[in-house]
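# Just a sequence and a predicted model for now, questions to come.
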Amino acid sequence: MKRLDSLTSLRFVAAGVVALMHGFGQYQLPVVDLGFVGVSFFFVLSGFVLTWADTTEAGTGVFLRNRFAKLFPLSAATLAIAAIVPVAPNSNPVYFVQSLTLTQAWGPMSSSSFNPVTWSLSAEAFFYLLLPAIVKVMRRFTARELVGTVVFLAILQPVMGLLIQLTLGVEVNPWAAHFFTYDFPPYRLAEFVIGVALALLLKAGHVPSRTIQFAAAAATTTGLMLALIADLLHVTPWWAIEALVLPAVVVLIWTSARRELSGDGRLLTHPRMVALGERSFSFYMVHYLVLGAVGLAIGAGPQSLPWWLVPPALIAAAGLAGLAYRYVEKPCERAVRDLFAGERARPLADSTASPAHTHSSASGL
């Protein structure tokens, strides 16, 4: 399948809004406050891109190996830095092991330990384990069933969020409810599966009916308006905002992919935008550490810097991300893939050498 460069470029935009929210969050700036929806975008986009590229076709083992090679090196490197530069107050040896094994998002305290943004990698690791089975099942769906899946999950997630808030949030602890409606991987699985469904629809050449297009436009417009109103009133329950903005995320990914396939969307396919998108993972992984390091230097927290320090800190993070991409992310990804490929090739070479040796000896007799 054709690589969709426009979606790569959008990854940079999503990483940027998350970073701006972390940098300016204390000032409650309109729209900037909503940067956390960038993570929802990442989850939907991840399901879409991995399915579009047929990443599971070579087998579950190869797929998981490639995903490990992509995520683990930079995750481990930033974890090591976070262990030296303490940007999260609740870090301890147990949480370190959880972060190293990408299981930190399964606990309410560990999810925000060390490099807090890596909780989303923990959720992604969970999605990756399920993706081969999800794709195998959903490939049997008709176009109507795939559309129904998108609609059902887009409704199911906020319904679950509301129920959790009304029960756990009231009877136990609001922060516990926040964890189960934001960090907890099974709760975020719906967004990832929506991305899978969208990719399968596009691969099948599906063209939405006018009714579906009108409904998508209405849901997107209404959702964005309500989200902005809530933000202006400083009422931003994360789970509800994510649900309101989700239709816009779906429409943005679908429309961008369709436009590129039709030969349009030149801005998002510009080489410089694509290059920024390719470095977005590194930027996402280092930006909080840079904000935290600056904060430690002046006696402030990562999300409570003076406003005038945030732009230079994020620019420095972008420069560091470029170095991390060039000298850590890409070379380590290649090295891990080559290592595993070598381990697979060695037994194969041994097995092909043995029959040849036997045949030669038999001929000598």
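Arrived safely, thanks for sending.
# quick one: contacts for L7?
Contacts here follow Cβ atoms under 8 Å, 6 or more residues apart in numbering; on that basis L7 touches L45, F48, V49, I253, S256, A257, G277. The C-beta positions use only the backbone N, C-alpha and C, and glycine is treated the same way.
# Separate out the buried members of these.
Burial by neighbour count, 16 or more other Cβ atoms under 10 Å: within the contacts of L7 this picks out L45, F48, V49, I253, S256, A257, G277.
# For the helix or strand hosting V97, name the packing helices and strands.
Under the criterion DSSP states H and E, the helix or strand holding V97 is helix 93-100. Taking 3 or more Cβ pairs under 8 Å, 6 or more residues apart in numbering; DSSP states H and E as the contact definition, the neighbouring helices and strands of helix 93-100 are helix 60-84.
# Tell me which residues of the helix it packs on come out buried.
Applying a neighbour-count criterion of 16+ other Cβ under 10 Å, the buried positions in helix 60-84 are 62-75, 77-79, 81-82.
# Off-centre distance for it?
When C-alpha coordinates are averaged (Cα atoms, centre = their mean, to the nearest Å), helix 60-84 and its chain have centres 13 Å apart.
# Which elements pack onto that helix?
The elements that helix 60-84 packs onto, with contact taken as 3+ Cβ pairs under 8 Å, 6+ apart, are helix 93-100, helix 119-138, helix 280-298, helix 330-364.
# can you do 10 Å?
Secondary structure elements in contact with helix 60-84, counted by 3 or more Cβ pairs under 10 Å, 6 or more residues apart in numbering; DSSP states H and E, are helix 37-52, helix 93-100, helix 119-138, helix 280-298, helix 310-324, helix 330-364.
# What is the least confident helix or strand in this protein?
helix 330-364 (a mean of 60; mean pLDDT, DSSP states H and E).
# I figured P237 hits A230, correct?
Yes: under the criterion of Cβ atoms under 10 Å, P237 is in contact with A230, at a separation of 7.9 Å.
# Distance of the residue sitting nearest the centre point of the chain relative to V147?
With the centre of the chain defined as its mean C-alpha position, the nearest residue by Cα atoms, centre = their mean is F42, 3.8 Å away. Applying Cβ to Cβ, to the nearest Å, the value for F42 to V147 is 23 Å.
# cool, A105 as well?
From A105 across to V147, the span is 30 Å (Cβ to Cβ).
# Check which residues of the helix holding V97 are buried.
Of the residues in helix 93-100, those with enough neighbours to count as buried (16+ other Cβ under 10 Å) are Y95, F96, Q98, S99, L100.
# quick one: contacts for the first one?
This points to Y95. A88, Q104, G107, M109, S110, S111, S112, S113, F114 (Cβ atoms under 10 Å, 6 or more residues apart in numbering).
# Out of the buried residues of helix 93-100, which is nearest to L267?
S99 (36.9 Å; Cβ to Cβ).
# And the helices in the stretch 151-300 of the chain, which stretches?
Taking DSSP state H, counting those that start in this stretch as the test, the helices found in the stretch 151-300 of the chain are 174-180, 185-203, 210-232, 238-261, 271-278, 280-298.
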